[in-house]
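Asks: sequence first, then the predicted structure, then my questions.
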Amino acid sequence: ANVTVTDLEELQELLTVNIENNRHLVTGSVRAKVLKWGEDVTEFQPPPDYILMADCIYYEESLEPLLKTLKDLTGPDTCVLCCYEQRTMGKNPEIERKYFELLQMDFELEKIPLDKHDEEYRSEDIHIMNIHRKQT
């Protein structure tokens, strides 16, 4: 695969170190780029085949920019896999509920059952969602 890993500017060095440390596992290409939610994504076009999201649902102010970026990045055939740890403390349950409520305005969601998760890493509080743009 040809992969682009993204994070904020201040984490680019760490992404580069991780790429180099795992280069022996890569059979395609991998590059690190800055992606700030809510900002322009034209340099990431055309839409990717897959978007993998891990632990991206954590504070309320990020929800709208995250959803905007998802809408801007995805095409009709883009598959988004979203993995997150369900947190029950503080405002986390409300933030999670709001995220999925807003997400369903433009996307269809399918929860991957726990018995389909990798046996070694599955946990009751880890959730994986398969997400696609709604057909217009």
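Replies: It's in. Residues are numbered from 1 along each chain as shown.
Asks: closest to the centroid, which residue in this protein?
Replies: residue 53 (1.7 Å; C-alpha atoms, centre = their mean).
Asks: and that one, what does it touch?
Replies: 80-84 (C-beta atoms under 8 Å, 6 or more residues apart in numbering). To be clear about C-beta, it is placed using only N, CA and C from the backbone, and glycine gets the same treatment.
Asks: helices or strands up against the helix or strand of the chain with the lowest mean pLDDT?
Replies: The weakest-scoring helix or strand in the chain, judged by mean pLDDT, DSSP states H and E, is helix 92-103 (a mean of 89). Using 3 or more C-beta pairs under 8 Å, 6 or more residues apart in numbering; DSSP states H and E, the elements in contact with helix 92-103 are helix 63-73.
Asks: make sure I have this right: the residue nearest to the centre of the chain is in a strand.
Replies: Yes. Membership of residue 53 in a strand is supported by DSSP: H, G, I helix; E, B strand; the rest coil.
Asks: that one and residue 35: what is the separation?
Replies: 11 Å (C-beta to C-beta, to the nearest Å).
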